[in-house]
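S.K.: Have a look at this fold, sequence not included:
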């Protein structure tokens, strides 16, 4: 009887896809871009991790500036000519368009992506130390519209985040506007930096409204009364709810006394109110807000966000 043929061992060892990806050697680049900030990290297979922006780098760079920062970091690893992997398609396209780096189409090793993201998180935690949020409101005589403005400044002079909007309060007066500015500024800050909710860093909220600070304290202690506007009480509750877990303190500053952040918040509030009252279109309003944002960037760079 003829023996049945038996299959022989494979000529090459089967390697699972995950294992093959994790064994790739090269440089991995991860970018985390936010509206006013951009963080990035470069990880080499030799274990070197460089995160930015570094000292002297623009904190909210253009694509060309960002590519130059990353290219310089890759060069400083000493790994020339090896493949550059990215965490996403947009990063790969940016580096191909703006640098001469040998960007690969292959997926980056997961371990390298994780290490790079951890480096970015460390930069983020350092960034949220010494944050200052200045808030203000503006109300016209005989009007029920409040203009509200806020500016978030960083202790290292990085580009600030700013916001301006309007609210309507028939019985809360200017205090309702001041509290709305604090709430929206705080919520926007937490959206930009969720690590604040975990107790990382610290945040100081500046306002020139003693009435708003007084109500916040009384609502915290359940000491408000029927004479307090329901609009104001609701805003105070939202602020205190958003502030849970955050290293936060509220501080009064004298209004119209030359405090640069208070003056910028006032400009944003007045601009928002007047534009609504005058019926200014959204495009023109956005252009005017961009002008204040540019001024704020220059001022914060010169004063270190103070």
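M.R.: Arrived safely, thanks for sending. None of the values given here were measured: they were computed from a predicted structure.

S.K.: Span of stretch 78-86 from start to end?
M.R.: Separation of the first and last residues of stretch 78-86 by Cα to Cα, to the nearest Å is 18 Å.

S.K.: Spell out the secondary structure type for residue 137.
M.R.: Look at residue 137: counting by DSSP: H, G, I helix; E, B strand; the rest coil, its state is strand.

S.K.: Tell me which other helices or strands the strand or helix carrying residue 68 touches.
M.R.: If you go by DSSP states H and E, residue 68 is part of helix 63-76. Here helix 63-76 touches strand 27-33, strand 38-44, strand 49-52, helix 89-98, going by 3 or more Cβ pairs under 8 Å, 6 or more residues apart in numbering; DSSP states H and E. To be clear about C-beta, it is placed using only N, CA and C from the backbone, and glycine gets the same treatment.

S.K.: Helix or strand next in line after it, which one?
M.R.: Downstream of helix 63-76, the next assigned helix or strand under DSSP H and E is strand 84-86.

S.K.: circling back to that earlier point, comparing the helices and strands packed on helix 63-76, which stretch has the densest surroundings?
M.R.: Most buried of these, by mean neighbour count (mean count of other Cβ atoms under 10 Å): strand 38-44, with a mean of 25.

S.K.: follow-up on the earlier one: what is the orientation angle of the helix holding residue 68 with strand 38-44?
M.R.: 30 degrees (axes from the mean of the first three to the mean of the last three Cα atoms, to 10 degrees).

S.K.: Could you number the chain from 55 rather than 1 from now on?
M.R.: Understood, numbering begins at 55; the last thing we discussed is helix 117-130.

S.K.: Name the surrounding residues that touch helix 117-130.
M.R.: Helix 117-130 has contacts (Cβ atoms under 8 Å, 6 or more residues apart in numbering) with 81, 83, 85, 92, 94, 96, 104, 106-108, 111-112, 115, 138, 148-149, 151-155.

S.K.: For that helix, could you pull out the residues that count as buried?
M.R.: Neighbour counts using 16 or more other Cβ atoms under 10 Å place 120, 121, 122, 123, 124, 125, 127, 128 of helix 117-130 among the buried residues.

S.K.: okay but residue 158 is in contact with residue 145, surely?
M.R.: No: contact between residue 158 and residue 145 fails when scored by Cβ atoms under 8 Å: they sit 11.8 Å apart.

S.K.: picking up where we left off before, for residue 133, find the nearest of the helices and strands packed on helix 117-130.
M.R.: Within these, the stretch nearest residue 133 is strand 92-98; the backing value is 5.1 Å (Cβ to Cβ).

S.K.: Who are the packing partners of that closest one?
M.R.: strand 81-87, strand 103-106, helix 117-130, helix 164-181.

S.K.: Quick one: low-confidence residue ranges for the protein.
M.R.: Scanning the chain for pLDDT under 70 picks out the ranges 55-76, 358-360.

S.K.: Kindly check the end-to-end length of stretch 321-339 for me.
M.R.: Distance across stretch 321-339, first residue to last, is 13 Å (Cα to Cα).
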